[in-house]
Structures are given as C-alpha cells and as structure tokens.
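Enquirer: predicted model and sequence follow; I will ask about them next.
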Amino acid sequence: QKEVEQNSGPLSVPEGAIASLNCTYSDRGSQSFFWYRQYSGKSPELIMFIYSNGDKEDGRFTAQLNKASQYVSLLIRDSQPSDSATYLCAVTTDGDFNKFYFGSGTKLNVKP
Amino acid sequence: NAGVTQTPKFQVLKTGQSMTLQCAQDMNHNSMYWYRQDPGMGLRLIYYSASEGTTDKGEVPNGYNVSRLNKREFSLRLESAAPSQTSVYFCASSKDRGYEQYFGPGTRLTVT
C-alpha cells in the first residue's frame, strides 16, 4: 500500500471554476501535510502546508485537512490557465519528520 | 538569494561510469535531501541529512552515496551508473526536520 494516494487525472476544469484536488494517506500518525505545484519539466514549488484539522486559506488556495478520515485536499478558486500543472501531495510520517512521502500527483488542466 | 542550486542540469553517462551531483543552498537551512523522480512514481527520497555532519538512507538508497560537505552543500554520488538510475534528480532543503522543503531546479540524468 502506498503511503500517499492521489488520482493521477487529468482533472479538467473551465477557467473561473473551482478545482478540487484530493489526497489520502495511510499513516494515521502523520503530522505535516504539504501541497506542491510542478509545471512540466520544472521542479516542485511549495503552495501550502497544513498541520491542524480544518481549513487554511492563502489567496485563491485553500487546504483542508481531516485527520480522522486521513484525507487532505486543495481547492483552487477562480482557476486560471496558468494553474495547469501537476499537483503533488506530501506527508511526513509519524516518528520520522525527515521523511516526506509524496503522492504521484494529479494533473490539472484549466481550459480557457 | 539563489535558493537551492544544482549542477549539472543535464548529464549522459555510460553504464559503469561514475559522477557526482552537486547541491548548495543559501537559506541557512539545517536539513537537505536528495530525491529522484520517475514517470508515474512520484518523488522518492534517496538520502537525507537532518543536520550538518549526519546523513541517513531514504526509501531508495541502493547505488548511491552522499556527502554533507558543510551546512550549505550536499552531494550525491553514483559510483557505477546503471540504466535504472536514469531519472530526474532533485535536491531540496528545509529549515529543520518536518518543515516545508524547497527544491532545486533538478538534474536530468540519462544512463545508456
């Protein structure tokens, strides 16, 4: 069983819509959760991190964490074509905060 | 600030050749990491250094060695390259263990 699961997509949304990206993780003791965006041929760049249950908002991005359900999501409001990229979810494991486990990513296409 | 820098950007090796990938960060971060990214596999941790003077194995360490030269620099060495090591290699750093990681631009390595 993979530590972190993401739907590979592609997820297609029209410009201006809300894009919802989901991630589940297997380690119930996981403490820290991160979302990265990766454009084709580029390196991952951090979008947001979240440590506590609930929502965390930053501009057009909202991260949602539900530790009971072992689920973290990223909402992108007012999606733009420039948001088209692969979104990676990363989780630290209980007991070893050095190790990030990454999902294989969800490809998002925002259509003009 | 340059952030995280990596050299070289591209490299082609023949099977059995050796090489060292260089990574440096100017953010005064304690922790540094080496990942490889293969299509459909996501990012996998090869080795990490939680602090200057320490290194530890990650998920896929076989065939690699690392050196934490000082607080800024963390190198990855392939002693005898194999075609299975064809991948994109990313270096990352974080303020400390468990904090968000920042990635370098990557090295695209092909082993023939």
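Expert: Okay, I see it. Numbering: from 1, shown residues only, chains lettered A, B, ... in the order given.

Enquirer: near chain B at all, the longest strand seen in chain A?
Expert: For chain A, the strand reaching the highest residue count under DSSP state E is reported as strand A:85-93. Yes - Strand A:85-93 reaches chain B (CB under 8 Å from any CB of the partner chain) through A:88, A:90, A:92. The C-beta positions use only the backbone N, C-alpha and C, and glycine is treated the same way.

Enquirer: which one of those is nearest to B:Lys14?
Expert: Distances from B:Lys14 to the residues of strand A:85-93 next to chain B, taken as CB to CB, are shortest for A:Leu88 (31.9 Å).

Enquirer: distance check, that closest one against A:Tyr39.
Expert: 12 Å (CB to CB, to the nearest Å).

Enquirer: show me what contacts residue 106?
Expert: Reading this off chain A. Contacts of A:Thr106 were listed using CB atoms under 8 Å, 6 or more residues apart in numbering or on different chains, and they are A:6-11, A:21-22, A:86-87.

Enquirer: was after chain B, sorry
Expert: A:42-43, B:6, B:9, B:37, B:88-90.

Enquirer: which of those residues has the most neighbours?
Expert: Using other CB atoms under 10 Å in any protein chain shown as the neighbour test, the contacts of B:Gly106 are led by B:Phe90, with 25 neighbours.

Enquirer: any idea how many residues pack against A:Ser40?
Expert: Neighbour count of A:Ser40, defined by other CB under 10 Å: 8.

Enquirer: that one in helix, strand or coil?
Expert: Under the three-state scheme (DSSP: H, G, I helix; E, B strand; the rest coil), A:Ser40 adopts coil.

Enquirer: good, we can wrap up now.
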